[in-house]
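Student: Next one to model:
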Amino acid sequence: MSRPLIGITSYVEPASWAVWRDVPAALVPQAYVRAVTAAGGRAVVLPPDDLDADLVAVLDGLLLAGGADVGPERYDRPVDPRTEPRPDRDAGELTLLAAALAADLPVLGVCRGMQLLVAAHGGTLHQHLPDVVGHHRHRPAPGVYGAHPVRFAAGSRTAAVLAGVDRVNSYHHQGVADPGRLTVTGWADDGVVEAVEDPARRFLLGVQWHPENDDDPRPVTALVRAARPD
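Tutor: Predicted structure coming up:
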């Protein structure tokens, strides 16, 4: 049986390697690729491109990766000066997402990816979470992951996928204010939304943490399983 083809949206950031320094590059952390491969999938890195979404026809699943903030114009809010959007990513990923939803393709959103799912479903975000929760535990310092307890809604797909998980990692300064048409199915101990889903779809799940960096990346595994061709 061929491996399901999983598209992973990519970061666009200055990168350095060999003799090159600060070259604009489309890239993803290898942890995403490793998690997809370990689950039995074939990872394909997708640079931002909003001209069309024809390649969705050949994908079996879509993983919206983490990264910079979603632009607040995507959910009709003024820009907070602490927000750092990537308009090219927003445009390209929303184009892909619209086509994936139309095809009922399995979709997983990770961190920024979950927030993009919320924006695409009519929801809104808190642009700087410490203003809401009064602490920085969700992003303790640059490049440093936090960790916190988590709970999931009984009977939800999220709870089934993550049975037994009661603590997750964390690296974000924005969070869900209103989930729009999605259903909230996970919360941190301070009430921050940690998971959303659409139970009416074959597989649409968003998680606020980074499962690709966990020893047991269950959301990625669940995406690959949902994407297996019949």
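
Student: Show me where this structure has its helices.
Tutor: Assigned by DSSP state H, the chain shows helices spanning 30-38, 87-102, 112-120, 130-133, 157-161, 218-227.

Student: Mean neighbour count, these: which tops it?
Tutor: Per-residue neighbour counts averaged over each of the helices of the chain give the maximum for helix 112-120, namely a mean of 26 (mean count of other C-beta atoms under 10 Å). Where you see a C-beta, it was placed from the backbone N, CA and C, and this is true even at glycine.

Student: which strands and helices sit next to it?
Tutor: Helix 112-120 sits against strand 61-64, helix 87-102, strand 107-110, strand 124-126, strand 175-178, strand 193-197, strand 204-207, with contacts defined as 3 or more C-beta pairs under 8 Å, 6 or more residues apart in numbering; DSSP states H and E.

Student: any chance of the ones you listed in TSV, plus mean pLDDT?
Tutor: What follows is the helices and strands packed on helix 112-120, written out as TSV (pLDDT from 0 to 100):
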stretch	mean pLDDT
strand 61-64	98
helix 87-102	97
strand 107-110	98
strand 124-126	98
strand 175-178	98
strand 193-197	98
strand 204-207	98
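
Student: Of all those, which one is nearest W20?
Tutor: Between W20 and the helices and strands packed on helix 112-120, the shortest gap by C-beta to C-beta is with helix 87-102, which sits at 20.8 Å.

Student: What is the burial count for L46?
Tutor: The criterion is other C-beta atoms under 10 Å. On that basis, L46 has 24 neighbouring residues.

Student: Of the helices and strands packed on helix 112-120, which is nearest P149?
Tutor: Each of the helices and strands packed on helix 112-120 was checked against P149 via C-beta to C-beta, and the shortest separation belongs to strand 193-197, namely 9.8 Å.

Student: Using a markdown table, please lay out the helices and strands packed on helix 112-120 together with distance to G40.
Tutor: Formatted as a markdown table, the helices and strands packed on helix 112-120 follow (distance: least, C-beta to C-beta, whole Å):
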| stretch | distance to G40 |
| --- | --- |
| strand 61-64 | 11 |
| helix 87-102 | 20 |
| strand 107-110 | 15 |
| strand 124-126 | 33 |
| strand 175-178 | 30 |
| strand 193-197 | 22 |
| strand 204-207 | 18 |
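
Student: nearest to L46, of these?
Tutor: Distances from L46 to each of these were compared using C-beta to C-beta; the shortest belongs to helix 87-102, at 6.9 Å.

Student: from the chain's centre, how far out does the closest one sit?
Tutor: 13 Å (C-alpha atoms, centre = their mean, to the nearest Å).

Student: That one versus helix 112-120: what angle between them?
Tutor: 70 degrees (axes from the mean of the first three to the mean of the last three C-alpha atoms, to 10 degrees).

Student: would TSV of the helices of the chain with distance to Y145 be doable?
Tutor: Formatted as TSV, the helices of the chain follow (distance: least, C-beta to C-beta, whole Å):
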stretch	distance to Y145
helix 30-38	12
helix 87-102	21
helix 112-120	15
helix 130-133	16
helix 157-161	21
helix 218-227	16
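
Student: Those helices: which one's closest to D60?
Tutor: For the helices of the chain, the distance to D60 is smallest for helix 218-227, at 3.9 Å, taking C-beta to C-beta.

Student: okay, the angle between that closest one and strand 193-197?
Tutor: Calculated by the same axes, to 10 degrees, helix 218-227 forms an angle of 0 degrees with strand 193-197.

Student: Just the mean pLDDT for helix 218-227, thanks.
Tutor: Averaging pLDDT along helix 218-227 yields 97.

Student: Appreciated, that's everything.
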